[in-house]
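1. when you get a sec, could you give me coordinates for this:
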Amino acid sequence: MLPLVLLAGLVVLSAAGGAVGFDVSAEGQVGYNSGGHDGSFFDHIYRTFRALENWLVIGLALLLGRVGGRLSGRLRAPMVVGYLLVGVVLGRSVLNIIDEASARSLGMITDFGLGIVAFMIGSELSRRMLKRLGRKLVVLVVCESLAVFLLVAGLIWALSGWLLPIGLAGAGALVLGAMAPASAPAGTVVVIQEYKARGPMTSLLLGIVGLDGAFAISLYAFAAAATRMLLGDEPVSVFTALRGPTLEIIGGLGLGAVMGLILKVILDRRRDSDDLMVYSIGVVLLATGLANALGLSLILANLALGTVLVNLSARQAERTYNSLQNITAPIFVLFFVVAGAHLDLRMLAALSLLGPVYVLARTAGKIGGAYAGARFTHADATTRRYLGLGILSQAGVTIGLALSAAREFAAPQYGVAGEQLALLTINTVAATTIIFEIVGPQTTKLALSRAGEIGQAGKGVEFPKGEKA
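-> Modelled structure (predicted):
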């Protein structure tokens, strides 16, 4: 009841703000005008609200997000769906309590959440698991990523006469095809934790969502280089095209490896549980901040951090993992509420035929590519049928690539065609992310349920013949 009272109060404040008049500048700054009132009372309330806004938003997001998650759980849906929907209601689509400026200022929560998720995935990639699943993971990532790229790009190119402006058939197909392969690790990890899943499919899902982002970045490098040649006048060398993404990937992995070594040395000298949590969080934040400052992949940096730690000391990795789990609940609630606040439902209303084609092609590519990869690696029938359903979520890496494409191709040297491509890319990705972020956790739960791995954490799990736990 308390969260609902708080929400009602903020709605009243919003209404009061509308009554007295608030102007938003082009820079996103909010200004006050009396609108015919003396404004003294409402002006005081509103200015106080703006001064405390981030703390109010964080508190509101935690309370309402958790309520939304519980309601979602009662409807037999993953709690993450409830978190996202609460974010949508609080965000620009409905109440605009978490407006664009607030969402940007809370971006550090998103980075921290991604860093924690990547670290947790990395801490599962022990030598034993990599020896057992290494070849299978590589085949699966390559198969599902290439299938998605080829199917999305091919279908958009084939239907370009109906979907794209004249002259953008090749460029549009390449760029949107390159956006599609990356999965969203956060949604998958939260569902796995919520339902206490463990087993061979769970291990594969964690490995795939941790690695296919790197493959997507590499695909985008080739696609962007080809698009520059199609739209621009100057030749682009393969070396120039690959230099940035290669540094981002290798640099991120190298940074994470160094941070993993540092964390291992620190933990060897500290036994206290409070020290363990503080130093672990500090190193994850340090890796995240350095990755952002150096233009490296924060996901790969923290993935490598966890992987190095678990392979140097499985015991320390387990202690760190368990320690961080004590703080993940509020972090994940905030992460997904803020993510939901970024989603703009008006994008769905403006979605053309291009959106449904992208959604259908990406879904078919994920499911079909995962099925093909599972067959190549002789996975069991259940994994072949349902693995693709577990990797449908789309968020961080895809949106990051879309923003990069929008900035690059809106540059003057690419003319009107570049501006059209930039607008198409960001709008299509933003709108379809809403769909995949809500549907993806549901299909991940379905895949884990059909595999019989829900509720198996902490139990002895039967692995297929020829595999060891």
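
2. now do the buried residues in the helix or strand that contains V308.
-> Here V308, judged by DSSP states H and E, is contained in helix 298-312. Neighbour counts over helix 298-312 (16 or more other CB atoms under 10 Å) mark 298-312 as buried. The way it works is simple: take the backbone N, C-alpha and C, and place the C-beta from them, glycine included.

3. cool, stretch 132-145 as well?
-> When neighbours are counted by 16+ other CB under 10 Å, the buried residues of stretch 132-145 are found to be R132, L133, K136, L137, V139, L140, V141, V142, C143, E144, S145.

4. contact partners of that stretch?
-> Contact partners of stretch 132-145, identified using CB atoms under 8 Å, 6 or more residues apart in numbering, comprise 130, 181, 203-204, 207-208, 211-212, 215-216, 219, 365-366, 369-370, 372-374, 376-377, 379, 387-388, 391, 467-468.

5. can you select the buried ones from these in PyMOL?
-> Buried members of the contacts of stretch 132-145 can be picked out in PyMOL with the line below, counting by 16+ other CB under 10 Å:
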select buried, resi 181+203+204+207+208+211+212+215+216+219+365+366+369+370+372+373+374+377+379+387+388+391
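
6. so which of the contacts of stretch 132-145 are in helices?
-> Among those, DSSP state H puts 130, 203-204, 207-208, 211-212, 215-216, 219, 365-366, 369-370, 372-374, 376 in helices.

7. for the helix or strand containing R128, what does the pLDDT average out to?
-> Using DSSP H and E, R128 sits in helix 127-158. Helix 127-158 comes out with an average pLDDT of 87.

8. please apply the same query to stretch 413-425.
-> Model confidence over stretch 413-425 averages 83 on the pLDDT scale.

9. so which strand or helix has I266?
-> Secondary structure assigned from DSSP H and E places I266 in helix 238-268.

10. give the buried residues for that helix.
-> 241, 245, 248-249, 251-253, 255-260, 262-264, 266-267.

11. taking helix 298-312 as reference, get the angle to it.
-> Between the direction of helix 238-268 and that of helix 298-312, the angle (axes from the mean of the first three to the mean of the last three CA atoms, to 10 degrees) works out to 50 degrees.

12. next structured bit after helix 238-268?
-> Secondary structure here is assigned by DSSP H and E; on that basis, the next helix or strand after helix 238-268 toward the C-terminus is helix 273-294.

13. what's that following helix packed up against?
-> Here helix 273-294 is seen to pack against helix 107-122, helix 238-268, helix 298-312, helix 314-342 when contacts are counted using 3 or more CB pairs under 8 Å, 6 or more residues apart in numbering; DSSP states H and E.

14. these: which one's closest to D99?
-> With CB to CB as the criterion, D99 lies closest to helix 314-342 of the helices and strands packed on helix 273-294, at 8.4 Å.

15. packing partners of that closest one?
-> Applying 3+ CB pairs under 8 Å, 6+ apart, we find helix 314-342 packed against helix 53-74, helix 79-90, helix 100-105, helix 107-122, helix 185-194, helix 238-268, helix 273-294, helix 298-312.

16. repeat that for 6 Å
-> Counting by 3 or more CB pairs under 6 Å, 6 or more residues apart in numbering; DSSP states H and E, the packing neighbours recorded for helix 314-342 are helix 53-74, helix 79-90, helix 107-122, helix 273-294.

17. and the shortest one, how far from the chain's centre?
-> The gap between where helix 79-90 is centred and where its chain is centred comes out at 15 Å by CA atoms, centre = their mean, to the nearest Å.

18. going forward, begin numbering at 7 instead of 1
-> Sure, I'll start counting at 7 from here, so that last one is helix 85-96.

19. got a list of contacts for it?
-> Here helix 85-96 makes contact (CB atoms under 6 Å, 6 or more residues apart in numbering) with 70-71, 74-75, 77-79, 103-104, 193, 196, 200, 339, 342-343, 346-347, 349, 443-444, 447.
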